[in-house]
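K.L.:
3D, please:
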Amino acid sequence: MKRTFNDPRIKSLSVKKRCAMRCPFLREAQVKFCRASAYRKMIVRLAEQPDNERCSSREYINCSAAKQHLEDRPSIDHCPFLHESLVQYCTAAAVTKYIPYTESVLSQCGTESHKYCELYHTLAQPQESTTEMEIANGNGSHYQNTVEDVKIPHHLFFSPNHMWMDIGIDGVCHIGVDAFMMKVLGPIDEITFITNKGYQRPTVSFSIRGVDLQFVFPMQMNITRANTYLRTNPEKINADPYTVGWLFETTETKFKNMNEQPNGLITGQLVHPWMVKEMNRMTSLAHKISSQPDMHGAILMADGGCFQTGLAQRLTREELLQLYNDFFSPLALWNLQL
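P.N.:
Numbering: from 1, shown residues only. Below you'll find the predicted structure:
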C-alpha cells in the first residue's frame with residue numbers, strides 16, 4: 001500500500017499505533033542518584049526497596065559526600081542531593097545504559113526508526129515475519145519480492161538510479177541504496193558522506209578499486225543525520241542495504257511544499273517489472289563487455305544467464321565509469337523506459 005507525505009493515515013495516527021512504533025526492547029524505570037557525588041551512578045528504584053535508607057532519612061547527615069555541602073544544622077529530613085528521574089534503557093544491549101527521559105527525543109528507540117537498529121534486527125529478526133507496522137499499513141502478507149537473488153521490499157520508493165526511500169508513519173524518512181546496486185558493485189572500500197545535515201539532496205560517495213562514484217537521491221530532503229557507522233564498517237551496506245545499511249535519516253517538517261509527492265520514484269506494482277528490466281539491461285552490458293577481444297585478440301562468447309555478483313570488481317576504470325553512467329548517475333532517469 002502506497003504511503004505519501006500527506007497521507008491522512010499518518011496525520012490521524014492513533015496513540016495506540018504510535019506506541020506500536022516503539023522498539024519492543026525499550027523499557028522505562030525510575031532511578032535515583034546523588035547530585036553531590038563526583039560521578040553519577042543511577043540506582044533503579046525497586047518496589048521492594050525500603051524507603052528509610054540513608055538518603056531518604058535524617059541519617060544522610062553522616063554521609064561524607066553530603067557533609068561537604070551541608071550547613072551545620074540541616075532542617076530537612078532527607079538528603080537535599082537525592083534526585084529521582086525517569087529513564088529509558090535497552091534490554092537487548094550487552095551493557096545497560098540509562099537515558100534520562102528528557103533526552104529520549106534524541107533516541108531512535110521510541111520511534112519507527114528503531115527498525116534500522118542492528119540490535120533490533122539481530123534479536124527480533126523482523127524479516128522472517130510480517131511486522132506490526134506492515135499490518136498497520138495494510139501490507140500484511142508479503143514483506144518483499146525477489147528478482148533472481150535481488151530483494152525488493154514493496155513498501156519502499158525507488159529512484160531510477162537505484163536508491164530507495166522509506167516513509168515512516170511518524171514522518172521520518174530513511175534513504176539508502178538497493179540490493180541491485182550492491183550486487184553489481186560488490187565490496188565497497190570506503191564511504192564518504194558528502195551531505196550530512198540540512199535541506200539538500202542526500203549525496204554519498206563510494207570508493208571502489210580507487211574509483212570514486214557519487215550517488216545522489218533526486219529529491220531535496222531535510223537531512224537530520226547520516227549513518228556514519230558505515231565509514232568504519234562499509235561491509236554492512238552489502239550485508240543488508242535495506243536496514244542496517246541505511247545512509248540518511250530525514251524529516252518532512254521543512255519541506256518547501258508539504259503536499260509534495262515523491263514524483264519520479266517507482267513503487268508498488270511498478271517495482272518488479274522495472275527491476276526485471278534493469279537485471280536484463282545489466283546482463284546485456286556484461287555480455288557486451290565480455291565479448292570485447294582481450295590483449296591476445298580472443299573473444300569470450302556469452303552463454304546466457306545473469307551477470308555475476310561483484311561485476312564492477314572485474315571491470316577496467318573506463319568500463320566501471322560507463323556502467324555508473326548508464327545505471328547509477330543522477331541522470332539515470334534518461335535511461336529509464338518503463
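K.L.:
how about the nearest residue to Ala239, chain neighbours excluded?
P.N.:
Gly245 (6.9 Å; C-beta to C-beta, 6 or more residues apart in numbering). To be clear about C-beta, it is placed using only N, CA and C from the backbone, and glycine gets the same treatment.
K.L.:
got it, and Ser56?
P.N.:
Ranked by C-beta to C-beta, 6+ apart and with sequence neighbours excluded, the top spatial neighbour of Ser56 is His78, at 5.1 Å.
K.L.:
correct me, but that neighbour touches Arg54?
P.N.:
No: His78 is not in contact with Arg54 according to C-beta atoms under 8 Å; the separation is 9.6 Å.
K.L.:
which residues do these two both contact?
P.N.:
Tyr60 (C-beta atoms under 8 Å, 6 or more residues apart in numbering).
K.L.:
next, the contact list for the residue nearest to Ala239, please.
P.N.:
Contacts for Gly245 (C-beta under 8 Å, 6+ apart) come out as 176-177, 182, 227, 230, 236-239.
K.L.:
just flag the most distant two among those.
P.N.:
Met182 and Asn227 (14.8 Å; C-beta to C-beta).
K.L.:
related to what we said a few turns ago, name the helix or strand for the residue nearest to Ser56, please.
P.N.:
Under DSSP states H and E, no helix or strand contains His78.
K.L.:
pLDDT score assigned to it?
P.N.:
On the pLDDT scale, His78 is placed at 79.
K.L.:
that one: what's it in contact with?
P.N.:
So His78 contacts 55-58, 60 (C-beta under 8 Å, 6+ apart).
K.L.:
I'd like the average pLDDT over the longest helix along the chain.
P.N.:
Secondary structure of the chain per DSSP state H: the longest helix is helix 271-290. In this model, helix 271-290 carries a mean pLDDT of 89.
K.L.:
helix or strand next in line after that helix, which one?
P.N.:
helix 317-327.
K.L.:
contacting residues around Glu148?
P.N.:
Glu148 makes contacts with 279, 306, as judged by C-beta under 8 Å, 6+ apart.
K.L.:
to clarify, my last question referred to Trp164.
P.N.:
Applying C-beta under 8 Å, 6+ apart, the residues contacting Trp164 are 153, 156-158, 175-178, 242.
K.L.:
got the residue ranges for the helices in the stretch 101-250 of the chain?
P.N.:
For the stretch 101-250 of the chain, applying DSSP state H, counting those that start in this stretch gives helices covering 118-124, 132-137, 179-185, 229-232, 235-239.
K.L.:
give me the residues contacting the shortest one.
P.N.:
The set of residues external to helix 229-232 that reach it, using C-beta under 8 Å, 6+ apart, is 190-193, 236-237, 245, 247.
K.L.:
related to what we said a few turns ago, so which of the helices of the stretch 101-250 of the chain comes closest to Tyr199?
P.N.:
Distance to Tyr199, taken as C-beta to C-beta, is lowest for helix 229-232 among those, at 22.5 Å.
K.L.:
can you give the distance of the closest one from its chain's centre?
P.N.:
In terms of C-alpha atoms, centre = their mean, to the nearest Å, the centre of helix 229-232 is found 13 Å from the chain centre.
K.L.:
in that helix, what's buried?
P.N.:
Going by neighbour count (16 or more other C-beta atoms under 10 Å), the buried part of helix 229-232 is Leu230.
K.L.:
what does stretch 99-114 give?
P.N.:
Of the residues in stretch 99-114, 99, 104, 108-114 count as buried by neighbour count, 16+ other C-beta under 10 Å.
K.L.:
next one: stretch 33-50
P.N.:
Of the residues in stretch 33-50, 33-34, 36, 42 count as buried by neighbour count, 16+ other C-beta under 10 Å.
K.L.:
got a markdown table for those, with distance to Leu285, pLDDT and secondary structure too?
P.N.:
Listed next are the buried residues of stretch 33-50 as a markdown table, based on distance: C-beta to C-beta, whole Å; pLDDT from 0 to 100; DSSP: H, G, I helix; E, B strand; the rest coil:
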| residue | distance to Leu285 | pLDDT | secondary structure |
| --- | --- | --- | --- |
| Phe33 | 62 | 84 | strand |
| Cys34 | 67 | 85 | strand |
| Ala36 | 69 | 80 | coil |
| Met42 | 58 | 81 | coil |
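K.L.:
so Arg317 sits against Val211, correct?
P.N.:
Yes: Arg317 is within contact range of Val211, at 5.8 Å (criterion: C-beta under 8 Å).
K.L.:
looking at those two, which one has more neighbours?
P.N.:
Shown here are Arg317 and Val211; by other C-beta atoms under 10 Å, Val211 has more neighbours (15 against 10).
K.L.:
from the contacts of Gly245, which would you call buried?
P.N.:
Using 16+ other C-beta under 10 Å, the buried ones in the contacts of Gly245 are 176-177, 182, 227, 230, 236-238.
K.L.:
relative to Gln88, which of the residues you listed is nearest.
P.N.:
Asn227 (21.9 Å).
K.L.:
look up how far Met165 lies from the closest one.
P.N.:
Going from Asn227 to Met165 by C-beta to C-beta, to the nearest Å gives 14 Å.
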